[in-house]
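Undergrad: Fold the stuff below for me.
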Amino acid sequence: MYYKISGVTQKLVGAAPTAYAPQGLKLTVPTEAPPLIFATPTKVVSEVAPTVEYMGNNKVPDMQKLFQRSDGIPVHLKRGLMDKMLYRTTMGLTIGGTLYCLMALYIAAQPANK
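TA: Numbers count the residues shown, from 1 in each chain. From the prediction side, this is the model:
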């Protein structure tokens, strides 16, 4: 005898002998297209203009000129005051963190007083 899970009671019930078809799979392909999920349909590739529209200015040539200029300033500082502040803050935090870690290791290495 063949069995399948009832969709209503979620228990095994008797079934007619058929070809192997797991319950989750459908035997036929639907003939109609599924309904649209979003309100506006997707544009077909042939409908889209061949050029890509970018809303901002292309700053790459200007940045290339700035960074390739040989004026003796390191690349990470070439954009001015904000780069200098970021660099100095990063270096300060790095040195401070290193000193704090060394101090914590020194304290942890001391024997406990009894």
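Undergrad: Touching, Asp83 and Pro74? I think so.
TA: No: if you go by Cβ atoms under 8 Å, Asp83 and Pro74 don't touch, sitting 9.3 Å apart. Backbone N, C-alpha and C define where each C-beta goes, glycine included.
Undergrad: So those two - more neighbours on which side?
TA: Asp83 (15 against 8; other Cβ atoms under 10 Å).
Undergrad: ok, now which ones touch that one?
TA: By Cβ atoms under 8 Å, 6 or more residues apart in numbering, the residues touching Asp83 are 76-77.
Undergrad: Wait, a helix at it?
TA: Yes: using DSSP: H, G, I helix; E, B strand; the rest coil, the secondary structure at Asp83 is a helix.
Undergrad: That one and Val75: what is the separation?
TA: Between Asp83 and Val75 the computed distance is 10 Å (Cβ to Cβ, to the nearest Å).
Undergrad: again, but for Val60
TA: Counting by Cβ to Cβ, the gap from Val60 to Val75 is 15 Å.
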